[in-house]
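> Turn this into a model:
(chains A and B)
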Amino acid sequence: MSRRTSPVIPGFGLTLGYTLVYLGLLVLIPLGAMFVHAAQLTWSDFWAIVSAPRVLAALKLSFGTAFVAALINGLIGTLLAWVLVRYRFSGRRIIDAMIDLPFALPTAVAGIALTALYAPSGLVGQFASDLGFKIAYTPLGITLALTFVTLPFVVRTVQPVLADIPREVEEAAACLGARPLQVFRHVLLPALLPAWLTGFALAFARGVGEYGSVIFIAGNMPMKTEILPLLIMVKLDQYDYTGATAIGVLMLVVSFVLLLLVNLLQRRIETP
Amino acid sequence: MSSITAVTSAKAHGNANAARCGHALGRNLLIIGAWLVFALFLLLPLYMVLSEALKQGLGVFFTAILEPDAIAALKLTLLAVAISVPLNLLFGVAAAWCVSKYEFRGKSLLVTLIDLPFSVSPVIAGLIYVLLFGAQGFFGEWLQDRDIQIVFAVPGIVLATLFVTVPFVARELIPLMQEQGTQEEEAARLLGANGWQMFWYVTVPNIKWGLIYGVVLCTARAMGEFGAVSVVSGHIRGYTNTLPLHVEILYNEYNHVAAFSVASLLLALALCILLLKQWSEARLARLQSNAAEE
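Sure, this is the predicted structure:
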């Protein structure tokens, strides 16, 4: 252990000091300022702001669509990770490289592209309107946009773990008479679950806060398709800084609690 | 006896064959599924951007991206990238250094704090700077007395971009440097290198590809950031508009062809970034497998 705390290597004070000052000035003090600003409110004022019907509707919409999008990604992300790790086929390297496109593409570009695709006159949207439902300007459209921007999270967390599981383990299970689904359920799933949950949590957190890709496809109707980050923007445009701050604090607290729950769940799975 | 063995072995053989057939079928179905997801979720939006941009021909396309407001937006985007990427690179190296080379109390808290900007909504990232530096903010009056404008001006845009890109380099470097340990640096010190020599001749060559990878991801986000920048920008055309904001304005003016033309410029940049990322990732993987063989 003493190897790690090496007194020979210089720079501890310098690097730690720089890290703390930089983080403090850029991240911690500004975030703290938001909580200080919110602390000027009394509890009943705060409650009146965050329990307004419009805020509650946006809260439900933001967390609901982000949750569904993270679940969809949990499924197709696992599928993509599985196929990319286990099979060799033509085009594998292209798919592997392009998985990260949603991270590289500016969210505003993703937003207008998806809107053009899913609007009632768009390439995919027209089929939906033939069948009698709408994708863009509904919660479904928001969910699809969130699924797009958070697609890489589950793939990229599950992929390395899956690659590290030795094939012999599955073969042993198969030799002992397990059917493929049993192998998946009893051998692969327990090994993949912590990484899967991490990917899910990252996708969910990103989805709740996402703004750029959603506002174009959402239609932004109050009570129906208005997400929480947009509501903060609306309050800011009306110079209602207090309202914006209260919603910001609410968002941070709820996201934090949910991430904490996922962390606890993960720990229970890892140490049975 | 032998006939029974023959029958059971034939049966077992048949079972294995059936299993293999089922396996191949499942394999092909899964691969087709992956291709479908890829085509529907990733390729189709790309196709949309390009086809909408070129709807009225190349002439309209080039007019849209060469228009003065678009050029000004491109310059501002490049400025934000040019400031935020080097600063966060420096921060990333310093943070990864103290986290990976030493043991100290509160280290895991520090790592959590470094990752914090990832879990904060970009809109909140913009909001906190408005609360600090805006007209009603904590420093609002002080700044106004001195005629300094941060929010709704270029400094605000740079600050917001800095905030959202803080973790990228540190995040790539921390696991890499933890894996490499401290032995090589110790050897350099024992052979008489001073601190900077050790850093430049031993550490930097070891972490080079991880560094490039982090910088590429950081650049992508800095270039494309929308929510945080949107809050602090004030949307003044030709002055505080970045490229993504310019796309939004054009789109909201129903100037769809121009919006998609500028968007395709950003798309081209994104594809370049993916190529760079792929290249640095491959080099990193090769380096790690070489290290594993040694």
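> got the contact list for residue B:249?
Listed by CB atoms under 8 Å, 6 or more residues apart in numbering or on different chains, the contact partners of residue B:249 are B:235, B:237, B:241. No exception for glycine: its C-beta is placed from N, CA and C like everyone else's.
> Buried ones in stretch B:165-178, by neighbour count?
B:165-174, B:176-177 (16 or more other CB atoms under 10 Å in any protein chain shown).
> right, is that stretch up against chain A?
Yes. Counting by CB under 8 Å from any CB of the partner chain, chain A is contacted by stretch B:165-178 at residue B:166.
> picking that back up, closest one of the contacts of residue B:249 to residue A:151?
For the contacts of residue B:249, the minimum distance to residue A:151 (CB to CB) is 28.4 Å, reached by residue B:241.
> Which residue, other than its chain neighbours, is closest to residue 178?
Unless you meant another one, I'm taking chain A. Once flanking residues are discounted, residue A:178 sits nearest to residue A:186: 7.0 Å by CB to CB, 6 or more residues apart in numbering or on different chains.
> my bad, chain B
Nearest non-adjacent residue to residue B:178, counting by CB to CB, 6+ apart: residue B:100, 4.5 Å away.
> Please, which helix or strand holds the one you found?
Here residue B:100, judged by DSSP states H and E, is contained in helix B:68-101.
> Residues contacting the helix or strand that that helix is followed by, please?
Tracing the chain C-terminally past helix B:68-101 and defining elements by DSSP H and E, one meets helix B:107-119 next. The contact list for helix B:107-119 (CB under 8 Å, 6+ apart) reads A:19-20, A:23, A:27-28, A:31, A:202, A:205-206, A:209, A:255-256, A:259, B:95, B:99, B:125, B:163-167, B:170-171, B:174.
> Stretch B:55-72 too?
B:53-54, B:237-239, B:241, B:243, B:246, B:250, B:257-258, B:260-262, B:264-265.
> In it, which residues are buried?
Going by 16+ other CB under 10 Å, stretch B:55-72 has these buried residues: B:61, B:64-65, B:67, B:69-70, B:72.
> and what of stretch B:115-127?
Within stretch B:115-127, the residues that count as buried by 16+ other CB under 10 Å are B:116-117, B:119-127.
> Quick one: residues contacting residue 156.
If you meant another chain, say so; for now it's chain A. Contacts of residue A:156 (CB under 8 Å, 6+ apart): A:99-100, A:199.
> that answer is for a different chain, and I need it for chain B
By CB under 8 Å, 6+ apart, the contact list for residue B:156 reads B:129, B:133, B:150, B:232-233.
> same thing with residue A:216?
The contact partners of residue A:216, by CB under 8 Å, 6+ apart, come to A:108, A:111-112, A:114-115, B:248, B:251.
> which among the residues you listed gets closest to residue A:215?
In terms of CB to CB, no member of the contacts of residue A:216 lies closer to residue A:215 than residue A:111, at 6.6 Å.
> Check the offset of the helix or strand encompassing the closest one from the chain's centre.
Using DSSP H and E, residue A:111 sits in helix A:107-118. Offset of helix A:107-118 from its chain centre (CA atoms, centre = their mean, to the nearest Å): 18 Å.
> coming back round to it: export the buried residues of stretch B:115-127 as CSV, with columns for pLDDT.
Converted to CSV, the buried residues of stretch B:115-127 look like this (pLDDT from 0 to 100):
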residue, pLDDT
B:116, 88
B:117, 90
B:119, 85
B:120, 90
B:121, 92
B:122, 93
B:123, 94
B:124, 94
B:125, 94
B:126, 93
B:127, 93
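> if we take these, which one ends up nearest to chain A?
Distance to chain A, by CB to the nearest CB, is smallest for residue B:121 among those, at 2.8 Å.
> Please report how far residue B:272 lies from residue B:236.
Using CB to CB, to the nearest Å, residue B:272 is found at 29 Å from residue B:236.
> Mind checking which of the two has more residues around it?
More crowded of residue B:272 and residue B:236, by other CB atoms under 10 Å in any protein chain shown: residue B:272, with 14 against 11.
> element containing that one, please.
Per DSSP H and E: helix B:256-293 holds residue B:272.
> what residues are up against the closest residue to residue A:183 other than its chain neighbours?
The spatial neighbour of residue A:183 that comes closest, neighbours along the chain excluded (CB to CB, 6+ apart), is residue A:173 at 4.7 Å. Residue A:173 makes contact with A:182-183, A:186-187, according to CB under 8 Å, 6+ apart.
> hang on, the earlier thing: need the max-distance pair from the contacts of residue A:216.
Maximum pairwise distance among the contacts of residue A:216 (CB to CB): 14.1 Å, between A:114 and B:248.
> more crowded one of the two?
Neighbours per residue, other CB under 10 Å: of residue A:114 and residue B:248, the larger number sits with residue A:114, 28 against 22.
> show me what contacts that one?
Per CB under 8 Å, 6+ apart, neighbours of residue A:114: A:136, A:141, A:144-145, A:148, A:213, A:216-217, B:45, B:48.
> and which of the residues you listed is nearest to residue B:187?
Set against residue B:187, the nearest of those by CB to CB is residue A:148 (47.8 Å).
> Give me the mean pLDDT for the helix or strand the closest one falls within.
Following DSSP H and E, one finds residue A:148 within helix A:139-149. The predicted model assigns helix A:139-149 a mean pLDDT of 94.
> which other residues reach that helix?
For helix A:139-149, the surrounding residues in contact (CB under 8 Å, 6+ apart) are A:61, A:64-66, A:68-69, A:72-73, A:102, A:107, A:110-111, A:114-115, A:118, A:133-135, A:206-207, A:210, A:213-214, A:217-219, A:225, A:227, B:41, B:45.
> End to end on stretch A:125-142, go ahead and measure it.
14 Å (CA to CA, to the nearest Å).
> Show me which parts of it are buried, residue by residue.
The neighbour-count check on stretch A:125-142 (16+ other CB under 10 Å) flags A:125, A:128, A:135-142 as buried.
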